[in-house]
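In: Fold the following.
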Amino acid sequence: MHGNHIISNTIDVAALAGFTEVTGHLTVQNTTIMPHMNGLDSLTSVGANLHIIATEFTNIDSLNALTYIGGNLLIDNSDFLPNVDGLASLTYVQGTVTIESNPELTNIDGLNALATIDGSLNITQNPKLCQSLVDAFVAGATIGGVVNTINNDPGC
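Out: Numbering: from 1, shown residues only. Modelled structure (predicted):
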């Protein structure tokens, strides 16, 4: 699917169902009435940024086929998201990865296949995410820019 797309309801998701690529930006935001993103299971590539902002998702499993992001990955203020397991196939982000201010995030194992981040990495302000898990992820990835991992849970 060519161009930029904003998802804020199930109609927006349905419009992208079955596509393997979004050539521009994909923004998922303000989804207070949408419990999931089911329908994006075929998506393997986002040509620019993927932003998941202010959602009430309890999972992002429908992104399980995504392998490449040509810009930045941002997961921010997703109040009920406990993990990023739906990104388990993601291997390469050409920009910066930012995961911040997700109060229920406890696990980033879904990023274990992400071998290369050309830009910076910011994993900050996730109060239930063990800093040791963040440190283990950083140790296993090639990161081209600055690494910023603060205000996660240091006590576990």
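In: Going by C-alpha atoms from here, please, whenever you check contacts or count neighbours.
Out: OK.
In: and the least confident helix or strand in the chain by mean pLDDT, how far from the chain's centre?
Out: Confidence across the helices and strands of the chain bottoms out at helix 10-16, with a mean of 88, counting by mean pLDDT, DSSP states H and E. With CA atoms, centre = their mean, to the nearest Å as the basis, helix 10-16 stands 19 Å off its chain's centre.
In: Output the below-cut-off pLDDT ranges for this structure.
Out: 32-33, 35 (pLDDT under 70).
In: all helices of this structure, in order?
Out: Along the chain, counting by DSSP state H, helices occupy 10-16, 131-140.
In: With residue 124 as the reference, name the closest of the ones you listed.
Out: helix 131-140 (9.5 Å; CA to CA).
In: can you pull the buried residues of the closest one?
Out: 131, 133-134, 137-138 (16 or more other CA atoms under 10 Å).
In: what would these look like in TSV with distance to residue 34?
Out: Shown next, in TSV, are those (distance: CA to CA, whole Å):
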residue	distance to residue 34
131	30
133	29
134	29
137	30
138	32
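In: And the least confident helix or strand of the chain, what's buried?
Out: 10, 13, 16.
In: Tell me how far the most centrally placed residue in the chain lies from residue 81.
Out: The centroid of the chain falls nearest to residue 75 when counting by CA atoms, centre = their mean (5.0 Å). Using CA to CA, to the nearest Å, residue 75 is found at 10 Å from residue 81.
In: thinking the residue nearest to the centre of the chain is in contact with residue 105, fair?
Out: No. In this structure residue 75 lies outside contact range of residue 105 using CA atoms under 8 Å: 10.6 Å.
In: Tally up the residues packed near residue 52, please.
Out: By other CA atoms under 10 Å, 22 other residues sit near residue 52.
In: An error on my part: the question was meant for residue 88.
Out: Neighbours of residue 88 (other CA under 10 Å): 20.
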